[in-house]
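Participant: no sequence on this one, just coordinates:
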């Protein structure tokens, strides 16, 4: 819908039609955990724009319509109206594929039991919320300790559920370094979540009447009235693949910096498409809402005959659970080492306000840099929720290849209610320079 | 003291001696308004390190010792022990001048009346705090609406004083653009401060017994039991000048990027010295604690025989009063125009969290950029206190000459509890790109 809105702004005459398989367009899917926790009071609050609002902009939307096939020679799509059961063929001059990502369902027995959920679209969120209200489950098991896992752990605890998390990796939040991930695990545990790492789920047990009863893992059996699978996201790219569109990194649709696919007049944007990763210097699959929206604008601009470029991401991500915010940008220390980059890293704990000024407390800042040229490769922050947003300084630094020496000299804002005289980022850079 | 501490770390054998005219070394002078407001409970809380702590590091400090003269040929300083009245001559191999800045006292009749204060050093802060406690003034007049003025307006209101601010400029916070400064004026007024702009103080009236009674300005007479002069800071550079050290921008000590003065073996750092301004591409006088500390480290490193460089500032500053934080980096729109730079500017108001996520509300983001090449020249933010710290992203961008196009593509962190899917900075960049 970002692409549609952008195209409309560029060309008021263009006919713009969107087909959507679910019942909703344009909503904040990252807000689903907060719908379930109750921070967001109802599903409608998450909706950014309704079909009626798009219609007033001259953008036609069809919900409960699934595109079954794309014919790139004829430039048509085959659409099925899921309510009426009718199929039709629709012509296009330019096509933007924005099929998003789908929740990965690991091959576990028992996935279809009642009470087992994934959280991907608004309908998933509504279903979980309703299940909690109606069935009053008392024990939740979360399989997977990624972003959705930790956010949902908070939501379940807020809703009064005894919550257990299983992660097959040796740590939660696998795309963080272990020292930062440990802080998240500690925060979950401090708030009553039972966390098992290095423990893969092996199956989901039913009660004999089609309802979930427990999750069996390598290291134990965990009773559950509700199970959430948070095993990550994969690009929803089958439709594109079957149409002959080239796939790239991790099965996502390959695109250039104008969001053009391998097929003329076909664009792709969002969680179905790959992203250029500036630190990997190549395509990657990083499905995030902020990136999806940037890509959508670029796809919409170019599909409408304009000229726009999306240069790529540096891998910035942020999340919170309870009173802890964590953020990452660029490469973690372990990723840099896996890639064979000669990397060094330091971590500091430092106050976020002048030592005499009341504030939220300290943050943990980790910097990872190249041993060859001193360039920053990545950074992580953990600390009081809002303070994690300081990662953006380091994300900006990564975009332009700043070195540790450059970081040391940054003229970051200082006054006692905002930072100590040495901002924590400068402290980390000074420590890095001396190490 | 930053220079001393740094030199000690580099060379454990070096003899390091510091002379200080006042009774205190190493304290948070930016915290003085919060000492007076009561946020900081007592003066000792502001002290970062005591003479005894320095002594344990092998740094000798002498408070109540004033350096009267520097003989750069003989490499000696003449020191007066203010308590004992004795003078002596002390030899140096390397000298770091860190005399700081002093509060500007405008030539107003009545400056010496009891109840008239400046706020520069810890003794000033203690005196104001004691005056409020002992004399229980009920009306305060602040002459000058700069950083100290707005911070002290908050402090006086917190202490229950009826507070009036006079600013001779057409706006408070003269180093912001009027649209942002207006928000601060509104916030002051909303909290009961009476603000007069375009209104220069002309004199301070006594009660006939040596105590302040009122401030007379161009446009009125303002009764006062307490007057604070917040007329800015000037470099305390007379000692250096008399020693033949060259002065530069606005009378501050001229230094190179190693904090070397025009005289061999003499360094200067902090509010007595000038600073290279990366956007002015020349020296400037920007007395701020964060810069002073960076300069001190560099001076200390080089004085101890190391090699360090301070490249300069981009002019970042931040302050708050009540529930409003304001921050600036680089050039304001008016400064750019005064400098004859072809500049454009946009302002946006945008939420700081996802639209459905509860948060502190919107911020005002202003971007100023070059009409020649699209490079960012400066930025300002006003909004809920902690949100103003987002200016650091734009300060980092300024250090490396980012354009509006570059800003649009920044991979800033996104999750509902931290930002909307389009971060306010990206929204501002998108609006700028379209303007």
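Facilitator: Here it is on my side, so go on. Quick caveat: nothing in here was measured; it's all calculated off a predicted structure. Numbering: from 1, shown residues only, chains lettered A, B, ... in the order given.
Participant: ranges for the helices of the stretch 51-200 of chain A?
Facilitator: Shown for the stretch 51-200 of chain A, the helices assigned by DSSP state H, counting those that start in this stretch span residues A:51-56, A:122-135, A:147-158, A:178-190.
Participant: So which elements touch the first one?
Facilitator: I take that to be helix A:51-56. strand A:59-62 (3 or more CB pairs under 8 Å, 6 or more residues apart in numbering or on different chains; DSSP states H and E). For every residue, glycine as well, the C-beta is placed using N, CA and C.
Participant: any chance of the helices of the stretch 51-200 of chain A in a markdown table, plus mean pLDDT and mean neighbour count?
Facilitator: Below are these laid out as a markdown table (pLDDT from 0 to 100; neighbours: other CB atoms under 10 Å in any protein chain shown):
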| stretch | mean pLDDT | mean neighbour count |
| --- | --- | --- |
| helix A:51-56 | 97 | 14 |
| helix A:122-135 | 97 | 16 |
| helix A:147-158 | 98 | 26 |
| helix A:178-190 | 98 | 19 |
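Participant: Kindly reformat these as JSON lines containing distance to residue B:10.
Facilitator: Output for the helices of the stretch 51-200 of chain A, formatted as JSON lines (distance: least, CB to CB, whole Å):
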{"stretch": "helix A:51-56", "distance to residue B:10": "63"}
{"stretch": "helix A:122-135", "distance to residue B:10": "57"}
{"stretch": "helix A:147-158", "distance to residue B:10": "43"}
{"stretch": "helix A:178-190", "distance to residue B:10": "29"}
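Participant: C-terminal to the one helix or strand residue A:364 maps to, what's the next element?
Facilitator: Per DSSP states H and E, residue A:364 falls inside strand A:362-370. For strand A:362-370, the following helix or strand on the C-terminal side (DSSP H and E) is strand A:376-384.
Participant: Now do that next one, average pLDDT.
Facilitator: Mean pLDDT, strand A:376-384: 98.
Participant: Listing partners with orientation, what would you give for that strand?
Facilitator: Sheet pairing here is set by DSSP bridges, and for strand A:376-384 it gives strand A:324-330 (antiparallel), strand A:362-370 (antiparallel).
Participant: Mean neighbour count, those strands: which tops it?
Facilitator: strand A:324-330 (a mean of 28; mean count of other CB atoms under 10 Å in any protein chain shown).
Participant: what does the stretch 101-250 of chain A put close to chain B?
Facilitator: For the stretch 101-250 of chain A, the residues in contact with chain B (CB under 8 Å from any CB of the partner chain) are residue A:147.
Participant: 6 Å instead, please
Facilitator: Taking CB under 6 Å from any CB of the partner chain, no part of the stretch 101-250 of chain A reaches chain B.
Participant: just the strands in the stretch 101-250 of chain A please.
Facilitator: Remark: strands assigned in the stretch 101-250 of chain A by DSSP state E, counting those that start in this stretch are A:101-103, A:116-118, A:139-143, A:162-166, A:194-196, A:201-206, A:212-217, A:220-223, A:226-229, A:233-235.
Participant: what packs against the third one?
Facilitator: With contacts taken as 3 or more CB pairs under 6 Å, 6 or more residues apart in numbering or on different chains; DSSP states H and E, strand A:139-143 sits against helix A:147-158, strand A:162-166, strand A:226-229.
Participant: so which of these comes closest to residue B:84?
Facilitator: Proximity to residue B:84 (CB to CB) singles out helix A:147-158 among the helices and strands packed on strand A:139-143, at 63.8 Å.
Participant: how near is the spatially most central residue of chain A to residue A:316?
Facilitator: Centroid-nearest residue in chain A: residue A:288, 3.9 Å away (criterion: CA atoms, centre = their mean). For residue A:288, the distance to residue A:316 equals 8 Å [CB to CB, to the nearest Å].
Participant: now residue A:67
Facilitator: Relative to residue A:316, and taking CB to CB, residue A:67 is found at 31 Å.
Participant: and these two? which has more neighbours close in?
Facilitator: Using other CB atoms under 10 Å in any protein chain shown, the more surrounded residue of residue A:67 and residue A:316 is residue A:316, with 27 against 19.
Participant: Thought residue A:330 was touching that one, still the case?
Facilitator: No: contact between residue A:316 and residue A:330 fails when scored by CB atoms under 6 Å: they sit 8.0 Å apart.
Participant: about what we covered before: in JSON lines: the strands paired with strand A:376-384, plus mean pLDDT.
Facilitator: Putting these into JSON lines (pLDDT from 0 to 100) gives the following:
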{"stretch": "strand A:324-330", "mean pLDDT": "98"}
{"stretch": "strand A:362-370", "mean pLDDT": "98"}
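Participant: Which stretch among those strands approaches residue B:305 most closely?
Facilitator: Per CB to CB, nearest to residue B:305 of these: strand A:362-370, 26.3 Å.
Participant: so residue A:309, which of the three states?
Facilitator: Under DSSP: H, G, I helix; E, B strand; the rest coil, residue A:309 falls in the coil class.
Participant: And the closest residue to it other than its chain neighbours, how close does it get to residue A:312?
Facilitator: Spatial nearest neighbour of residue A:309, excluding adjacent residues (CB to CB, 6 or more residues apart in numbering or on different chains): residue A:257 at 4.9 Å. Counting by CB to CB, the gap from residue A:257 to residue A:312 is 8 Å.
Participant: Check residue A:392 too.
Facilitator: Look at residue A:392 and residue A:312: by CB to CB, they are 17 Å apart.
Participant: cool, residue A:60 as well?
Facilitator: Residue A:60 sits 32 Å away from residue A:312, going by CB to CB.
Participant: What ranges does the stretch 301-435 of chain A have for its helices?
Facilitator: With DSSP H, counting those that start in this stretch applied, the stretch 301-435 of chain A shows helices at A:333-338, A:391-399, A:404-408, A:424-434, listed in chain order.
Participant: Where does the prediction get shaky in the stretch 151-300 of chain A?
Facilitator: Residues of the stretch 151-300 of chain A meeting the criterion pLDDT under 70: none.
Participant: Just the closest residue of it to chain B, please.
Facilitator: Chain B sits closest to residue A:290 of the stretch 151-300 of chain A, with a gap of 3.7 Å, by CB to the nearest CB.
Participant: Give me the number of neighbouring residues for that residue.
Facilitator: 24.
Participant: And for residue A:194?
Facilitator: 14.
Participant: Please pick out the residue of chain A most distant from its centre.
Facilitator: Centroid-distance maximum for chain A: residue A:356 at 37.3 Å, with CA atoms, centre = their mean.
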